[in-house]
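>>> show me the folded form of this:
(one chain, ligands or ions: 1)
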Amino acid sequence: MGRSETAAMKAAWHALAGVLPESRLLASVAEFTHHRDIDALDHSMVLSLAELVAVNSVTLCKCGEDPSHPVDSIVVCSRKPGPEGGFVVEAVDPDRDGDAIDTIVCALETSEAISDVTEHGVNRLVIPIQREHAAIGALMLEAEEPLDEVRSMVEGFARIYGNYIALLNESERDKLTGLYNRRSFEQRLQRLLKLHRQRSRPAPGRAEQRHAPETQAQLFLAILDIDHFKRINDTYGHVYGDEVILMLAQQMRASFRQGDVLFRFGGEEFVILLAAPDESAARAVLDRFRQLVAEHAFPQVDHVTVSIGYARISENDYPEIVLDRADKALYFAKQNGRNSVHGYEALSARGELAPVALGSIDLF
Ligand SMILES: Nc1nc2c(ncn2[C@@H]2O[C@H](COP(=O)(O)OP(=O)(O)OP(=O)(O)O)[C@@H](O)[C@H]2O)c(=O)[nH]1
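I've put the predicted structure just below:
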């Protein structure tokens, strides 16, 4: 952790310690920061905060990378009705409408805290979670009593959470390219599937929006591998090899849509999770990228080509099965001239997939 992050942690801690006994705060922060899994961290953080402060609910909203959907995930911890008390934590539809969501989006856009009272007389406090001068999410508390006293404490929680999530996010990234690494693949895939399910499920009163072509998309997994990369390394050296990997990753970021998820799986192998209306559209997107790479002049190395294999992701597929299918299609591309895109379903429908040993990738 850098010096500025340590200072931010200290400031956050003082803000928290001003309101509640240090031992309780310490226990709460220790409880939620022991999680390494981001979903578990989110659940634990809202629960810790709800238990510390007398509130009706604590909501954590996080921004996604897709600007058409400013809120990517929402976790709500709310007080259980009835005499037994306690709280329940649940993930809710990030596309839902409502005054609360509008208020959160407003706090996200302005990066300013909002304190107001709803038309039902509920006190509401929204604190943005900042990371490098941008809001990456927000915490919203709703309570019967005014929340002014706990504001600095909630700001402290938001700062600690923001710092901690940045550390976790860094561990999910490949150091050379900044793309997601292989370790984060399964969790990212599960998250994407969940989001996809939520977006394609018709909601009352929103049926028309849900049936927009974009939300009807299917998911595909593609594996992209640079052709004859060993030759590039051997001819020009590893520094130029790394440069090719880096430039390719930049081209991927620029070419694929923001909702698509990009990974460097290791070496010269990349994985793309993309949404497309159907198989031929997925193929067209991937083939356009293949062509873009083939036409690009890389420094020194000049022309580089890539081979791509892809497969559809169905709701209940195990990740390793889909990876294996895409890998078989990639293997076919490598055996049949490289610089091409092949889909597993089309190849198997044509009976062109000879039985092969498990592909070049190590499954989990
Ligand atoms: N520069 C660089 N090279 C790497 C990196 N990771 C793996 N490599 C090299 O990438 C090469 C991959 O070679 P192969 O798996 O034989 O495949 P290829 O030469 O691309 O041939 P095809 O995939 O069959 O087209 C090896 O020489 C590895 O040493 C990296 O991070 N940087």
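
>>> local confidence estimate at the closest residue to the ligand within the stretch 251-364 of the chain?
Here the stretch 251-364 of the chain gets closest to the ligand at one residue, residue 267, 3.2 Å apart by CB to the nearest ligand atom. C-betas here are computed from N, CA, C, even on glycine. Looking at residue 267, its pLDDT stands at 92.

>>> that one touches residue 229, doesn't it?
Yes. Counting by CB atoms under 8 Å, residue 267 touches residue 229, with 7.5 Å between them.

>>> neighbour count: these two, which is higher?
A count of neighbours by other CB atoms under 10 Å puts residue 229 above the other of residue 267 and residue 229, at 17 against 13.

>>> if I look at that one, how far off is residue 236?
Separation of residue 229 from residue 236 (CB to CB, to the nearest Å) stands at 11 Å.

>>> also residue 140?
As for residue 140, its distance to residue 236 is 53 Å (criterion: CB to CB).

>>> name the residue in those two with the higher neighbour count.
residue 140 (24 against 17).

>>> may I have the residues that are in contact with the closest residue to the ligand within the stretch 201-350 of the chain?
Minimum separation of the stretch 201-350 of the chain from the ligand (CB to the nearest ligand atom) falls at residue 241, amounting to 2.6 Å. By CB atoms under 8 Å, 6 or more residues apart in numbering, residue 241 lies in contact with 229, 232-233, 268.

>>> and stretch 106-116, end to end?
Chord length of stretch 106-116, first to last residue, is 13 Å (CA to CA, to the nearest Å).

>>> quick check: phi and psi at residue 285.
Note on residue 285: its backbone torsions stand at phi -60, psi -50 [degrees, to the nearest 10].

>>> quick check: bridge partners of the closest residue to it other than its chain neighbours?
The shortest distance from residue 285 to any non-neighbouring residue, by CB to CB, 6 or more residues apart in numbering, is to residue 276 (6.1 Å). For residue 276, the beta-bridge partners are residue 218 (DSSP bridges).

>>> helices along the stretch 251-364 of the chain, start to end?
Secondary structure of the stretch 251-364 of the chain by DSSP state H, counting those that start in this stretch: the helices cover 279-295, 319-335, 344-349.

>>> and among those, the most buried is which?
Comparing those on average neighbours per residue, with mean count of other CB atoms under 10 Å, the densest one is helix 319-335 at a mean of 21.

>>> that one near the ligand at all?
Yes. Using CB under 6 Å from any ligand atom, helix 319-335 reaches the ligand at residue 334.

>>> how far does that helix sit from its chain's centre?
The chain centre lies 24 Å from the centre of helix 319-335; the measure is CA atoms, centre = their mean, to the nearest Å.

>>> follow-up on the earlier one: any idea how far residue 282 is from the residue of the stretch 201-350 of the chain closest to the ligand?
To residue 282, residue 241 is 29 Å away according to CB to CB.

>>> do the same with residue 91
Separation of residue 91 from residue 282 (CB to CB) stands at 28 Å.

>>> now do residue 194
20 Å.

>>> on that earlier part again, need the buried ones from the contacts of residue 241 selected in PyMOL.
To isolate the buried members of the contacts of residue 241 in PyMOL, using 16 or more other CB atoms under 10 Å:
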select buried, resi 229+232+233+268
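
>>> mind checking which of the contacts of residue 241 land in helices?
Members of these lying in helices (criterion: DSSP state H): 229, 232-233.

>>> need those residues in TSV with distance to the ligand and pLDDT, can you?
Shown next, in TSV, are these (distance: CB to the nearest ligand atom, whole Å; pLDDT from 0 to 100):
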residue	distance to the ligand	pLDDT
229	3	96
232	8	94
233	5	94
